[in-house]
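Trainee: sequence and predicted structure are below.
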Amino acid sequence: MEIHDLLKKINRVEAPPHFEQRVMAELSSRKTKKARTMRMGLVFAGASSAAIIMLCVVGLFLLPQREPADMMSLEKELSPSVKRDVQMRDTEVIPIIEAVDYAGEMRPKQDQPPTIYILEHVSDSTDTKTKY
């Protein structure tokens, strides 16, 4: 019974006048604002994707395709080594590439980290011609 008596003594709190109408109006306005921002986001996404597609179509199909040498007004000419390689292909020359093991060339030093020097052939032409 004590609990029942305590509940009767509690003061009832009432909401301010027109509270429910204001809450419902605010919910409605937030809902319409959210729908509007979502719609604008979709509009901007569609417009930007359409612009990107149009740029791709114009770039691929409508603009004239030219070589980089043509754009720079340079004549396209083969280097002497490439011309020689083309002639060598006609004579059926097979180049040889040998694998080299550099593991024996490494010498660890106490004060420096191990270093491997790889020497590469930098010339366009080779002096040796091997045929099989």
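Mentor: Received, thanks.
Trainee: and residue 67, how far is that from residue 41?
Mentor: Distance, residue 67 to residue 41, by C-beta to C-beta, to the nearest Å: 42 Å. Heads up, the C-betas are built off the backbone N, CA and C, glycines and all.
Trainee: and what of residue 56?
Mentor: In terms of C-beta to C-beta, residue 56 sits 23 Å off from residue 41.
Trainee: with residue 14 instead?
Mentor: Per C-beta to C-beta, residue 14 is found 42 Å from residue 41.
Trainee: who's more crowded, the two?
Mentor: Per other C-beta atoms under 10 Å, whichever of residue 14 and residue 41 has more neighbours is residue 41, with 10 against 7.
Trainee: can you show me the helices along the chain?
Mentor: Remark: helices assigned in the chain by DSSP state H are 2-9, 19-57, 68-71, 80-90.
Trainee: in JSON lines: those, plus mean pLDDT and distance to residue 102.
Mentor: Formatted as JSON lines, the helices of the chain follow (pLDDT from 0 to 100; distance: least, C-beta to C-beta, whole Å):
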{"stretch": "helix 2-9", "mean pLDDT": "79", "distance to residue 102": "90"}
{"stretch": "helix 19-57", "mean pLDDT": "95", "distance to residue 102": "48"}
{"stretch": "helix 68-71", "mean pLDDT": "62", "distance to residue 102": "38"}
{"stretch": "helix 80-90", "mean pLDDT": "67", "distance to residue 102": "27"}
